[in-house]
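Peer 1: structure of the sequence below:
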Amino acid sequence: MAKAKDVLMVVAKVLMIITCLYFFICSLSFLSDSFRLLGGRNLGALFANSELLNNPVVGVMIGVLVTVLVQSSSTSTTIIVGLVAADVPVKTAIPMIMGANIGTSVTNTIVSFTQMSDREEFRRAFACATVHDMFNWLSVLTLVTLEMCTGYLEKITAAMVGTLGDTKGSSKPPDFLKVLTKPFTKSVIQLDKKVLAGWAGNDPKYENCTTVLKTGCGDDSSVCTFVFANLGPGGANIGDTGSGIVLLIIALIMLCGCLICLVKLLNSILGENVKKIIKNGVNRDIPIKYLGWLTGYLVMLVGAFLTIIVQSSSVFTSTLTPLAGAGLVSLERAYPLTLGSNIGTTTTSLLAALASKGHEKETIQIALVHLFFNISGILLFYPIPCMRWPILLAQRLGDITSQYRWFSIVYLLFMFFIFPAIIFALSLAGPVAMYIILIPIAVLVLVIIFINILQKYKPSILPDILQDWDFLPEPLRSLDPIDRVIMTTFSCFKICRVNNNSNDTDQNENLEEVKKKQQFELNRGFERDVV
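Peer 2: As a prediction, this is how the structure comes out:
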């Protein structure tokens, strides 16, 4: 009887895990749609100035911002493929396709915040999330410079598409994940992606469209039954921004709730012994002599295959993050899975290019650029173990954020919003002004990194003053002063809250004493009357 009860409990927990995963994937879809609603016409503003687009640094930042706004590298690369089909040169689109790779990793960084309550879990989850960021940023910084100097991506892909025949008639294979999630997500919200692409491409046909919410559904062009239609032009009409904020709140609540439940269910269903077995199985190399080095490449293929199946690198890497936080997947194993996911997500832009009309060869070329950019990044930062810098950087970020948890929010805002926005704003002043500011900062950062490496490995060749950073004021060499300010601020709020609560308690106690005294006097009076 006890065994049957245990089996039923395990089955119930497994079903709950599947349910949490389902709604977690739906929440990612809602998160993406909310950013599309909030981004709206701003996409067109980013692509409007053709002179700015010719600057590769600006192109990269536009790719980052667009992908953050639509929360999908697949969507942003499809938009970029559409721009190439509408006469944007391939050379101009290459930096944008690189920036799209960076923007997609914001989702798993947000997902890692759900494990912030446990320092060790948060350290592992944040490191797993940011290893994707570090790979993308390092690849972009290296390859955009190489591309500006040599144009190798443009030349290789041009040679490849030069041999292609007719590409018409290609069709997109079924998206297995959306088949499962669409019934629910479509009942909540539906967006008109043609309007979004039209705004991004500044198409005059969509100039008078006021909303990206779908306004014509089925045979009846005036009535839509999905929930958010009641907030659109046919209902309360709170605007795309208002609808986007409501959907963003719902998406974040769903995402956090599902992930917290998922982690707790995994911890309860997997005992320490089972966890150990899974951890050792997943993180173990091929047990054949001289073939262990192939494990990472096989794991990459698994990551690519799973991403092709779900048609979203964000969904795959965001699902990987809580598993890493729970200690089931090591950072060293998550890294090749993430690289494989980067390869898998390029299939979407390739399929979009094959199905596009007009400038077919150019659209296929920019989709191939996306593929070869990721392959080039992998060749740079994976085969040679000492070049796996993203792992080292992600580990360091994980250590910092486990000690200063507020740093994770600063990192997210700066890397994905503030920094790209600053670069875009500087570009409005012209390329000369932008480079006058950026080049000295870049040189300073490189010098600091070089001195840090020498301090760690060859401190003897440095002058005494540079063998450590103690000569600098504390705010320039440590996060402790900022941490003290933040902690003091929150402590003040906490003390004020405690004082308010204690005052309320004192008042309640005084009130109770008064009531008791009144009751006592009443009883005494009643006793005298009776006597």
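Peer 1: my guess is residue 136 contacts residue 109, does it?
Peer 2: No: between residue 136 and residue 109 there is no contact under CB atoms under 8 Å: 11.6 Å. From N, CA and C alone the C-beta is placed, and that goes for glycine too.
Peer 1: how many residues are close by residue 472?
Peer 2: Using other CB atoms under 10 Å, residue 472 has 10 other residues around it.
Peer 1: that one belongs to a helix, doesn't it?
Peer 2: No: judged by DSSP: H, G, I helix; E, B strand; the rest coil, residue 472 forms no part of a helix; its state is coil.
Peer 1: distance of it from residue 465?
Peer 2: 10 Å (CB to CB, to the nearest Å).
Peer 1: what does residue 114 give?
Peer 2: Residue 114 is 44 Å from residue 465, by CB to CB.
Peer 1: now swap in residue 419 and tell me
Peer 2: 31 Å.
Peer 1: quote the end-to-end distance of stretch 229-240.
Peer 2: 11 Å (CA to CA, to the nearest Å).
Peer 1: may I see the buried residues of it?
Peer 2: 229, 231-232, 239-240 (16 or more other CB atoms under 10 Å).
Peer 1: tell me the mean pLDDT over that stretch?
Peer 2: Mean pLDDT, stretch 229-240: 78.
Peer 1: please apply the same query to stretch 243-252.
Peer 2: Rounded mean pLDDT across stretch 243-252 is 83.
Peer 1: what's next to it, contact-wise?
Peer 2: 27-28, 30-31, 33-38, 40, 189, 213, 228, 231-232, 238 (CB atoms under 8 Å, 6 or more residues apart in numbering).
Peer 1: could you pull out the helices for the stretch 151-300 of the chain?
Peer 2: Here the stretch 151-300 of the chain has its helices, by DSSP state H, counting those that start in this stretch, at 152-161, 176-188, 193-200, 239-269, 272-283, 295-310.
Peer 1: for the last one, packing partners?
Peer 2: What that stands for is helix 295-310. helix 176-188, helix 313-325, helix 331-344 (3 or more CB pairs under 8 Å, 6 or more residues apart in numbering; DSSP states H and E).
Peer 1: chain center to stretch 313-330, what's the gap?
Peer 2: 12 Å (CA atoms, centre = their mean, to the nearest Å).
Peer 1: in it, which residues are buried?
Peer 2: Those would be 313-329, for stretch 313-330 by 16+ other CB under 10 Å.
Peer 1: only alpha carbons, please: show it as PDB.
Peer 2: Presented in PDB, the C-alpha positions along stretch 313-330 are these (Å, rounded to 0.1, in the frame of the first residue of the first chain):
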ATOM      1  CA  SER A 313      17.200  28.800 -28.700                       C
ATOM      2  CA  SER A 314      15.700  31.000 -25.900                       C
ATOM      3  CA  VAL A 315      13.300  28.100 -24.900                       C
ATOM      4  CA  PHE A 316      16.200  25.600 -24.900                       C
ATOM      5  CA  THR A 317      18.700  27.700 -23.000                       C
ATOM      6  CA  SER A 318      16.100  29.000 -20.500                       C
ATOM      7  CA  THR A 319      15.100  25.400 -19.700                       C
ATOM      8  CA  LEU A 320      18.800  24.500 -19.300                       C
ATOM      9  CA  THR A 321      19.400  27.400 -16.700                       C
ATOM     10  CA  PRO A 322      17.300  26.000 -13.800                       C
ATOM     11  CA  LEU A 323      18.800  22.500 -14.400                       C
ATOM     12  CA  ALA A 324      22.300  24.000 -14.000                       C
ATOM     13  CA  GLY A 325      21.100  25.900 -10.900                       C
ATOM     14  CA  ALA A 326      19.900  22.600  -9.400                       C
ATOM     15  CA  GLY A 327      23.400  21.200 -10.000                       C
ATOM     16  CA  LEU A 328      22.300  18.600 -12.600                       C
ATOM     17  CA  VAL A 329      24.200  20.100 -15.500                       C
ATOM     18  CA  SER A 330      27.700  21.500 -15.000                       C
END
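Peer 1: residue 84 contacts residue 364, doesn't it?
Peer 2: No: using CB under 8 Å, residue 84 is not in contact with residue 364, being 9.4 Å away.
Peer 1: where does the stretch 201-350 of the chain dip in pLDDT?
Peer 2: Flagging of the stretch 201-350 of the chain using pLDDT under 70 yields the residue ranges 201-203, 216-223, 259, 263, 266-267, 270-283, 310-312, 348-349.
Peer 1: how deep is residue 450 tucked in, by neighbour count?
Peer 2: Around residue 450 there are 10 residues (other CB under 10 Å).
Peer 1: just the buried residues out of the contacts of stretch 243-252, in ChimeraX syntax.
Peer 2: A single ChimeraX command selects the buried members of these (16+ other CB under 10 Å):
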select :27,28,30,31,33,34,35,36,37,38,40,189,213,228,231,232
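Peer 1: picking up where we left off before, turn the buried residues of stretch 229-240 into CSV, including distance to residue 154.
Peer 2: Formatted as CSV, the buried residues of stretch 229-240 follow (distance: CB to CB, whole Å):
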residue, distance to residue 154
229, 44
231, 44
232, 42
239, 41
240, 36
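Peer 1: now for those residues: which two are most distant?
Peer 2: Comparing all pairs in these by CB to CB, the longest separation belongs to 229 and 239, at 13.9 Å.
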